[in-house]
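**Student:** here is a sequence together with a model predicted from it:
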Amino acid sequence: MTRLAFLWDTFLQLLAGVPVTLSLVAVSVALGGLLALALTGIRRASRLGEWAVSAYVFALRGSPLLIQIFLIYYGFGQIGWIRSSFLWPFLREPWWCAITALALNTAAYQAEVLRGGLNAVPKGAVEAARVCGMGRAMAFRRIVLPIAIRQALPAYTSEVVIMVKATSLASIITLFEITGIAHSIVSETFRAFEVLSIAGLIYLAINFTLTRAFRRLEIRLTPQSRGRPTDRPVSKA
């Protein structure tokens, strides 16, 4: 097989792992986002909730994601009540172990991103909502949360990009996403440089597409960031 034919064949094989990678990202980010919203509510509810959420965020952000994946994939099977619970049919599968680890990890980061966005909401917007007769819950849902999401969108984009790269760790627990397929090809052909270079380019293409999509969303949600025509200069008499 010629070099060009090998590169093309490798590219086609790696493309088969793209749907697995994208599904890992989509499901874990969605579940992590819901958990982050719950954590934000708990944090704002009481001082004890703030301490508990801060401890969770510190633990998940301060430990390696690979260790978290290993703990869920290998460690949970050693806990008796988990093996006898309804969770075991899910947690014995590599797919759900990877989803669980990725979702729990990104929830900690998304909670901090959302906290930063909430802190950036102008107090005047909240006061205006209260003057208009909105209750605390309605003001949070209709005023505070949309503004916070717009403020946090750049940081959230970075988190999604990081999660795309983090899915490569799922290959350690026998999931055949892009990196998992690349490892299998390298073990068969011993042509690591070509195979891993193509895998890296695929990741770059995915992240480039995602960043462009989020950038368009940011422009759409933030009218003041759109390009405006320059004012016509006033001629002097």
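**Tutor:** Thanks, I have the structure now. Residues are numbered from 1 along each chain as shown.
**Student:** low pLDDT regions in this structure?
**Tutor:** Along the chain, segments meeting pLDDT under 70 span 1, 223-237.
**Student:** and the residue nearest the centre of it?
**Tutor:** residue 160 (3.6 Å; Cα atoms, centre = their mean).
**Student:** state the distance from residue 19 to residue 10.
**Tutor:** Distance of residue 19 to residue 10, given as Cβ to Cβ, to the nearest Å: 17 Å. Quick note: C-beta positions are derived from backbone N, CA and C, even for glycine.
**Student:** no no, residue 190
**Tutor:** Note on residue 190: its distance to residue 10, by Cβ to Cβ, is 13 Å.
**Student:** higher neighbour count, these two?
**Tutor:** residue 10 (22 against 8; other Cβ atoms under 10 Å).
**Student:** what about the strands in this structure?
**Tutor:** Applying DSSP state E to the chain gives no strands.
**Student:** what ranges do the helices span in it?
**Tutor:** Ranges of helices within the chain are 3-15, 18-45, 47-62, 65-70, 80-83, 88-91, 94-119, 123-131, 136-139, 145-166, 178-189, 192-221, based on DSSP state H.
**Student:** out of those, which is closest to residue 172?
**Tutor:** Nearest to residue 172 among these is helix 65-70; the distance by Cβ to Cβ comes to 6.7 Å.
**Student:** the closest one: which residues count as buried?
**Tutor:** Buried residues in helix 65-70, defined by neighbour count with 16 or more other Cβ atoms under 10 Å: 65, 68-70.
**Student:** with stretch 134-143 instead?
**Tutor:** 134, 139-140, 143.
**Student:** what of stretch 178-196?
**Tutor:** For stretch 178-196, burial by neighbour count (16+ other Cβ under 10 Å) applies to 178-183, 185-186, 194-196.
**Student:** what of stretch 110-129?
**Tutor:** Neighbour-count burial for stretch 110-129, counted by 16+ other Cβ under 10 Å, picks out 110-115, 117-118, 121, 126, 129.
**Student:** one more: stretch 15-24?
**Tutor:** Across stretch 15-24, burial judged by 16+ other Cβ under 10 Å covers 17-18, 20-22, 24.
**Student:** from these, pick the one nearest residue 166.
**Tutor:** residue 24 (8.9 Å).
**Student:** now do that closest one against residue 151, distance only.
**Tutor:** 27 Å.
**Student:** and the helices of the chain as JSON lines, adding distance to residue 172?
**Tutor:** JSON lines is the format used below for the helices of the chain (distance: least, Cβ to Cβ, whole Å):
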{"stretch": "helix 3-15", "distance to residue 172": "18"}
{"stretch": "helix 18-45", "distance to residue 172": "13"}
{"stretch": "helix 47-62", "distance to residue 172": "18"}
{"stretch": "helix 65-70", "distance to residue 172": "7"}
{"stretch": "helix 80-83", "distance to residue 172": "21"}
{"stretch": "helix 88-91", "distance to residue 172": "16"}
{"stretch": "helix 94-119", "distance to residue 172": "9"}
{"stretch": "helix 123-131", "distance to residue 172": "45"}
{"stretch": "helix 136-139", "distance to residue 172": "43"}
{"stretch": "helix 145-166", "distance to residue 172": "12"}
{"stretch": "helix 178-189", "distance to residue 172": "9"}
{"stretch": "helix 192-221", "distance to residue 172": "15"}
